[in-house]
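1. return a 3D structure for these sequence lines:
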Amino acid sequence: MEKEAISIKDLHVSYYGNEAIKGVSISVQPGNLVGIIGPNGAGKSTLLKAMLNLIPKDKGDIKVFGKTVKEVRKKIAYVPQRNDIDWDFPITVLDAVLLGTYPNLQLFRRPKKKEKEWALECLQRVGMEEFSKRQIGELSGGQQQRVFLARALAQKAELFYLDEPFVGVDASSEETIVTILKELCLQGKTVIVVHHDLSKANDYFNQLILLNKELISFGEVNEVIQADIIEKAYKGQFAFMKEMGV
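-> I've put the predicted structure just below:
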């Protein structure tokens, strides 16, 4: 697609009268793997949810492929934080992934054999096909995250949003998830990830949004991870910066 994957202009978001996002403007081209980073309370998840139109904004303009989020909702897949999901819900792994096929079904149509085969293919891609009949709450944190990535893959989206996908996840699952996200970008998809570990930013992403309520920096990873820029966001957390090697 020729249009910008995401265009945000002067975005402001408040919670209970306190401004959480102040005047953020960014433009993301298709095919990028973008990390949203910043200190705790910086508004990373708030920015992601505002991009998805899941929370109201005070003002600003958000376009996806040149259209409103509502107009292109089917092209957008979202993997929420694990603590936002009811793991006791009585649904199997396969049925959870099948939910990803619903946006592309005609009204009142249920998934058929073709959709089930596609869902199993998506589970196979994340290495979870053998768990297809398990209840989602029986899985480990890494396995759960793989299943919800498979659900996103099943949607055949163009734009993927993931909120802290590596929290509580084993190293093998993290590696699997990162590999798939990079493959998606090579296919021209766009991926936005809320992430808290700066030490892995260079390995995982090709662009970064550095946030602390307002936009501190946006661009290629090596442009953003500079000592003076990081210090602006993390307010002199020198031990942290030394650990990151910046």
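2. and Met201, backbone torsions?
-> That one is not Met; residue 201 is Ala. Dihedral pair for Ala201: phi -60, psi -40, per degrees, to the nearest 10.
3. so what's it up against?
-> By Cβ atoms under 8 Å, 6 or more residues apart in numbering, the contact list for Ala201 reads 35, 37, 195, 208, 221, 225. To be clear about C-beta, it is placed using only N, CA and C from the backbone, and glycine gets the same treatment.
4. quick check: the fourth one is in a strand.
-> Yes: with DSSP: H, G, I helix; E, B strand; the rest coil as the criterion, Leu208 is located in a strand.
5. all strands for this protein, in order.
-> Counting by DSSP state E, the chain has strands at residues 6-15, 18-28, 33-37, 59-64, 76-79, 159-163, 190-194, 207-212, 214-220.
6. and the fifth one, which strands flank it?
-> Right, strand 76-79. strand 159-163 (parallel) (DSSP bridges).
7. in contact with Ala154, which residues?
-> 97-101, 118-119, 122.
8. which ones among those map onto helices?
-> 97-98, 118-119, 122 (DSSP state H).
9. where's Lys75 relative to Ala50, distance?
-> As judged by Cβ to Cβ, to the nearest Å, Lys75 and Ala50 stand 18 Å apart.
10. between those two, who's got more neighbours?
-> Taking other Cβ atoms under 10 Å, Lys75 and Ala50 do not tie; Ala50 has more neighbours (24 against 20).
11. Val13 is in contact with that one, correct?
-> Yes: using Cβ atoms under 8 Å, Ala50 is in contact with Val13, at 5.0 Å.
12. what touches both of these two?
-> In contact with both Ala50 and Val13: 21, 57, using Cβ under 8 Å, 6+ apart.
13. could you give the mean pLDDT of stretch 119-135?
-> In this model, stretch 119-135 carries a mean pLDDT of 93.
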